[in-house]
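>>> Got a predicted model here, sequence first, then my questions.
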Amino acid sequence: MSFPVFPEGVPIAPISSIKYSELNKSAKEVLECCSTVGFFYLDLSGHSITSKADEIREIAVSSFRLPAEEKMKYHLQKGVSLAGYKAPGTVKKTDETHRPDTTEFFNVFTDHITGTTDSIQYPPHLIEHKALLKQFSQDAHAIGNEILSVLADQLSIPSSEFTSRNSFSTSSQSHIRLTHKIPHEGADAVGLPSHTDFGSVTVLFTWLGGLQIQHQGEWKYVKPLKNHAIINLGDAIVHLTNGALLSAKHRVVDAPKEQNKLDRYSVVYFVRPNNQVEMKPLERFLNDDTPRKRVGGKFEQEEGVVLSAEEWIRRRAAQLGS
Ligand SMILES: O=C(O)CCC(=O)C(=O)O
Ligand SMILES: [Fe+2]
């Protein structure tokens, strides 16, 4: 599948590219990206996850073609769990213009495809590819954990401090997300309003422009690069590090110029902390003088109560209204 080239003359965010094969060698740069811009490209040339992402994209294309009433049978339960389908127009309008979102997605939970917990129902069309979805989840989760391990080391804590809290085989709210943004005329809608992710690490594959981050006060496109994933951190890891790391705001708008005539898909994996992890800053980050970043989307939290990651993410997700 080939896509129209990303056009010239649109504002592009300057984001570093780090080779997956040199993650350890680039450890300082990884920390720099994850505590300043909050995003980096991961060059995965030669890693089989890129072709798995391509295959899953095709599954997404056909799954979203299901009739709306069929997809609605799998709609996620607001405020309960993110597992399942989300229809367009259901996300909290956080942009200044309060436009409804034009993105639909399917969240396929890792626990459900690995059998760690009982599964909800997914469309047969989608779940018949369970083996591939499982391999992709495993690969993306491992990549997320390698990044967390490098970050821990750079932050002078044992590398297992993060990875042991984000284990693939222990129950969590980690999941794959297949997204589909419907093309539209005019400026009355937004793909996905401005938000920060909730978990630890996000591994994103996308083929058309549309993702934007703020850079020097201006929204700029993150240009998709062949064989690269786009990596960013979520609020949970910012909370655990007491703000030493950054979860950057991002949004999805129209793909630039001629790319916007096409439907836009992305294949995302969210590494989230294991359900029983206590959501409080690790000891090491309580009394140091690293500059602090704010954790996105605050919610009411009882004084002195430490929430489990499962409950913390549930409350954080409920805020998004989807
Ligand atoms: O599709 C994209 O480029 C980003 C999607 C995203 O930010 C999300 O699902 O949280
Ligand atoms: Fe996001």
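That came in fine, so what should we check first? Ligands and ions are numbered 1, 2, ... in the order given.

>>> Helix or strand: which one has the residue nearest to the spatial centre of the chain?
By C-alpha atoms, centre = their mean, the mean C-alpha position of the chain lies nearest to residue 202, the distance being 3.7 Å. Element membership for residue 202 (DSSP states H and E) is strand 201-206.

>>> Please apply the same query to residue 251.
Residue 251 belongs to strand 250-252 when elements are defined using DSSP H and E.

>>> What is the subsequent helix or strand relative to that strand?
Immediately after strand 250-252, counting by DSSP H and E, sits strand 264-271.

>>> so where is this protein shaky, pLDDT-wise?
Counting by pLDDT under 70, the chain has low-confidence residues at 91-97, 99, 185-189, 288, 290-301, 320-322.

>>> List the buried residues in the helix ranked longest in it.
Longest helix of the chain, by residue count under DSSP state H: helix 130-154. Judged by neighbour count using 16 or more other C-beta atoms under 10 Å, the buried positions of helix 130-154 are 130, 133-141, 143-154. (Each C-beta comes from the backbone N, C-alpha and C, glycine too.)

>>> Isn't residue 211 up against residue 230?
Yes. Here residue 211 reaches residue 230: they are 7.0 Å apart, a contact under C-beta atoms under 8 Å.

>>> before we move on, the earlier item: was I right about the residue nearest to the centre of the chain contacting residue 268?
Yes. Contact between residue 202 and residue 268 holds when scored by C-beta under 8 Å: they sit 6.3 Å apart.

>>> how far does stretch 106-122 stretch from start to finish?
9 Å (C-alpha to C-alpha, to the nearest Å).

>>> is it up against ligand 1 anywhere?
No. Stretch 106-122 stays clear of ligand 1 (C-beta under 6 Å from any ligand atom), getting no nearer than 9.1 Å.

>>> returning to what we had before: after the longest helix of the chain comes which helix or strand?
Trace forward from helix 130-154 with DSSP H and E and the next one is helix 160-163.

>>> Partner strands of the helix or strand just after that following helix, with direction?
Counting by DSSP H and E, the element after helix 160-163 in chain order, helix or strand, is strand 175-181. Strand pairing for strand 175-181, using DSSP bridges, gives strand 103-109 (antiparallel), strand 264-271 (antiparallel).

>>> Report the angle between strand 175-181 and strand 201-206.
Here strand 175-181 runs at an angle of 40 degrees relative to strand 201-206 (axes from the mean of the first three to the mean of the last three C-alpha atoms, to 10 degrees).

>>> one step back: tell me the spacing between the residue nearest to the centre of the chain and residue 56.
Using C-beta to C-beta, to the nearest Å, residue 202 is found at 16 Å from residue 56.

>>> try residue 13
According to C-beta to C-beta, residue 13 stands 25 Å off from residue 56.
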